[in-house]
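**Q** no sequence on this one, just coordinates:
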């Protein structure tokens with residue numbers, strides 16, 4: 001599959017499971033199926049489209065020789081999510097949360113620089129380069145998508161955060177499936193058949209993607225999206241541990257320092 005086909009597989013095979021999840025919740029006592037409205041549709045569309053574009057920009061970065069600079073700058077997503085959350089929803093950060101996000105950001109930058117030939121000094125002076133600007137744009141769009149998903153879920157009213165998050169996720173996946181499907185028909189018509197024929201493997205991708213998204217959407221419905229994104233950086237710690245335990249990779253001092261800063265930021269966020 002192409003990159004577009006693989007991306008589409010995640011959407012189209014996650015959608016049925018998301019719909020089943022909504023149906024299961026709606027059939028349980030105490031839950032009512034939300035009624036969508038124009039504001040919900042607007043935020044859902046903005047979030048879904050922003051996520052697709054952000055992913056496309058991130059993939060586009062890999063066509064550049066110095067893509068490491070851009071991918072590092074894309075990791076400013078958490079900071080940008082905090083800014084968009086404040087502007088769009090009025091979500092304010094506590095002093096401890098602000099410190100936690102900044103400490104984690106430094107850790108992510110240090111960890112990223114340790115895995116490439118790009119030094120910290122180079123990263124700090126490269127923010128006007130094309131790849132850096134693309135990375136910043138990707139991070140901004142990921143931030144917009146996170147805040148839009150939270151806004152969409154909250155706009156549904158008081159049916160309960162579980163059904164709000166689940167319904168929003170199902171609608172976003174439906175929108176993304178239609179948009180990406182239309183794109184593949186227009187630009188990569190052969191990929192649609194490839195995706196459908198790969199259902200035995202892609203189905204598992206859909207399940208895993210849907211379960212991960214349930215976690216993200218539920219968390220962002222009940223809490224500031226910037227907090228959720230900041231805490232979500234724990235995945236870098238798990239990836240680091242897996243590299244050490246499973247693949248027996250050796251760590252540098254810079255990597256250990258980056259992981260330590262990320263963990264410190266997460267602890268500040270949880271304890272602050």
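**A** Here it is on my side, so go on. Because the structure is predicted, anything quoted here is derived from the model rather than measured. Residues are numbered from 1 along each chain as shown.

**Q** ok, and what's touching stretch 49-56?
**A** 7, 138-142, 144-145, 148, 172, 175-176, 179-180 (C-beta atoms under 8 Å, 6 or more residues apart in numbering). Where C-beta positions appear, they are placed from N, C-alpha and C, glycine not excepted.

**Q** residues of the longest helix seen in the chain that come out buried?
**A** Assignment by DSSP state H gives helix 161-187 as the longest helix of the chain. Judged by neighbour count using 16 or more other C-beta atoms under 10 Å, the buried positions of helix 161-187 are 161-177, 179-180, 183-184.

**Q** now stretch 262-272
**A** 262-266, 268-269.

**Q** for residue 249, give me phi and psi.
**A** Main-chain dihedrals, residue 249, degrees, to the nearest 10: phi -80, psi 150.

**Q** what pLDDT does the closest residue to it other than its chain neighbours get?
**A** Distances taken as C-beta to C-beta, 6 or more residues apart in numbering put residue 243 closest to residue 249, at 4.4 Å, once the chain neighbours are dropped. With respect to pLDDT, residue 243 scores 80.

**Q** repeat for the one 5 residues further on
**A** Residue 248 is assigned a predicted lDDT (pLDDT) of 77.

**Q** which helix or strand contains it?
**A** Assigned by DSSP states H and E, residue 248 falls within no helix or strand.

**Q** could you count how many residues lie near it?
**A** Per other C-beta atoms under 10 Å, the neighbour tally for residue 248 reads 7.

**Q** distance of residue 24 relative to residue 33?
**A** In this view, residue 24 and residue 33 are 12 Å apart by C-beta to C-beta, to the nearest Å.

**Q** more crowded one of these two?
**A** residue 33 (15 against 11).

**Q** now that one, what's its secondary structure?
**A** At residue 33, secondary structure determined by DSSP: H, G, I helix; E, B strand; the rest coil is coil.

**Q** what sits against the nearest residue to it once chain neighbours are set aside?
**A** Leaving aside its chain neighbours, residue 33 sits nearest to residue 26 (4.5 Å; criterion: C-beta to C-beta, 6+ apart). Residues near residue 26 by C-beta under 8 Å, 6+ apart: 32-33, 163.

**Q** could you export the residues you listed as JSON lines, including pLDDT?
**A** Putting the contacts of residue 26 into JSON lines (pLDDT from 0 to 100) gives the following:
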{"residue": "32", "pLDDT": "86"}
{"residue": "33", "pLDDT": "90"}
{"residue": "163", "pLDDT": "95"}
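
**Q** closest to residue 103 out of these?
**A** residue 163 (35.1 Å; C-beta to C-beta).

**Q** so the closest one sits against residue 30, correct?
**A** No: using C-beta atoms under 8 Å, residue 163 is not in contact with residue 30; the gap is 9.2 Å.
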